[in-house]
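**Student:** fold the following for me, if possible:
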Amino acid sequence: MAGSGPTILIQGGGVSGLVTAVTLAEGGARVTLSEAGPRIGSGASWYAGGMLAPWCEAEAAPAEVTRDSLQSLSWWADHVPGVVRNGSLVVAPPRDQVELSRFGRRTSHFETLGSARIAELEPDLEGRFDHALYFPEEGHVDPRCALSGLRERLLTLGGKIRLDSSVKDGSFDWVIDCTGLNARETETNLRGVRGEMILVRCPEVTLHRPVRMLHPRIPIYIVPRAQSVFMVGATMVESDDSREITVRAMSELLNALYTLHPAFAEAEIIEANAGVRPSYPDNVPRVHRDGQRLSVNGMYRHGFLLSPARAAEAAGIIFGDQA
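**Tutor:** Next up, the predicted model:
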């Protein structure tokens, strides 16, 4: 049932827009979500890894990112099916063991594993790595399933979804801009951070949790999904380049897969793509207010981690004003 609270237009149907829409609808707002693309999640959210890993992200993120993302795993588990809570595993090839030590110095809430314990957690990695860091409190979700789940949740709550960017905003009590890089005309300090990914199908390998493969130049992550599918991604490429995936990126991602397990050499490549994520100079997502308009933007690589916290912040502003 639709609420009787304020009317709200949310512009942008990526993860931040959907999470904000659901959060406000649960609070009683009458929400309309407008998406300019051909489907919900048309932008960078569609290519995300879906890792709910606040402790791993602390390696390169300021403390507030970890602080604000600690409840994200519970939020997602309460709102969509398919959240997996098996932790995260961080490994490095023998030549890059110094990277594993560095990662450990910058993070917390992990266990240092030897080869026997690695094999217990991931039998298919037996004998492949002597050391690893295990973050048992972390989890992951398939972003595409999660976006679909939020869409259904919003509709169940009485929200409306329009695949149309021309919805007039003058008739709403509040307007919330969640359009990412498309907001750069007003959010002039936004920049793009490119993420490249591939999906492969490999029935010969089973993983129970995301595995991060450390490398001096760029970290690679391998995330298991249903039906023997694995998502392989690179997290940080400083570029506004919106082209398809490059040969170099494809080579690096495939080499990382082969390093993790040689059976991936026979994997079927089912998708290769790239997306550009909106980022502020400090890489911290935030909420801005200008009268009855809010902006929820700059998600960087923290969209699934920080959208629940930023949506709660937006809800606090809106419902606080109604008190």
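**Student:** so which residues make contact with stretch 151-163?
**Tutor:** 1-3, 13, 18, 21-22, 25-26, 30-40, 79-80 (CB atoms under 8 Å, 6 or more residues apart in numbering). For the C-beta atoms, the positions are set from N, CA and C on the backbone; glycine is no exception.
**Student:** A256 against P219, yeah?
**Tutor:** No. Using CB atoms under 8 Å, A256 is not in contact with P219, being 9.4 Å away.
**Student:** okay, and the common contacts of those two?
**Tutor:** Residues touching both A256 and P219 (CB under 8 Å, 6+ apart) are M213.
**Student:** okay, now the sheet partners of whichever helix or strand L133 is part of, with direction.
**Tutor:** Per DSSP states H and E, L133 falls inside strand 131-135. Note on strand 131-135: by DSSP bridges, its sheet partners are strand 88-91 (antiparallel), strand 111-114 (antiparallel).
**Student:** from what I see, P94 and D130 are in contact.
**Tutor:** Yes. Judged on CB under 8 Å, P94 makes contact with D130 at a distance of 7.4 Å.
**Student:** these two - which one has more neighbours?
**Tutor:** Taking other CB atoms under 10 Å, P94 and D130 do not tie; D130 has more neighbours (14 against 8).
**Student:** can you tell me the closest non-neighbouring residue to that one?
**Tutor:** S115 (5.3 Å; CB to CB, 6 or more residues apart in numbering).
**Student:** and that neighbour, how close does it get to A132?
**Tutor:** In this view, S115 and A132 are 9 Å apart by CB to CB, to the nearest Å.
**Student:** what is the next helix or strand after the strand holding L133 packed up against?
**Tutor:** Later in the chain than strand 131-135, the nearest helix or strand by DSSP H and E is strand 139-140. When contacts are defined as 3 or more CB pairs under 8 Å, 6 or more residues apart in numbering; DSSP states H and E, strand 139-140 packs onto strand 51-52, helix 72-79.
**Student:** contacts for strand 139-140 next, please.
**Tutor:** Applying CB under 8 Å, 6+ apart, the set of residues contacting strand 139-140 is 49-53, 73, 76-77, 83-88, 209-210, 223.
**Student:** picking that back up, ok, S115 and A132, which is more surrounded?
**Tutor:** A132 (24 against 15).
**Student:** where does pLDDT dip in the stretch 201-323 of the chain?
**Tutor:** In the predicted model, the stretch 201-323 of the chain carries pLDDT under 70 at residues 235-236, 321-323.
**Student:** name every strand pairing with the host helix or strand of R277 and say which way it goes.
**Tutor:** Using DSSP H and E, R277 sits within strand 268-279. When pairing is defined by DSSP bridges, strand 268-279 lines up against strand 191-201 (antiparallel).
**Student:** with just CA atoms, put the strand it pairs with into PDB.
**Tutor:** Extracted in PDB, the C-alpha atoms of strand 191-201 (Å, rounded to 0.1, in the frame of the first residue of the first chain):
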ATOM      1  CA  ARG A 191      34.800  12.400 -11.700                       C
ATOM      2  CA  GLY A 192      34.500   8.900 -13.300                       C
ATOM      3  CA  VAL A 193      36.300   5.800 -12.100                       C
ATOM      4  CA  ARG A 194      36.100   3.000 -14.600                       C
ATOM      5  CA  GLY A 195      35.400  -0.600 -13.600                       C
ATOM      6  CA  GLU A 196      35.900  -3.500 -16.000                       C
ATOM      7  CA  MET A 197      34.500  -6.900 -15.600                       C
ATOM      8  CA  ILE A 198      33.900 -10.300 -17.200                       C
ATOM      9  CA  LEU A 199      31.500 -13.100 -16.400                       C
ATOM     10  CA  VAL A 200      32.600 -16.700 -17.000                       C
ATOM     11  CA  ARG A 201      31.000 -20.000 -16.500                       C
END
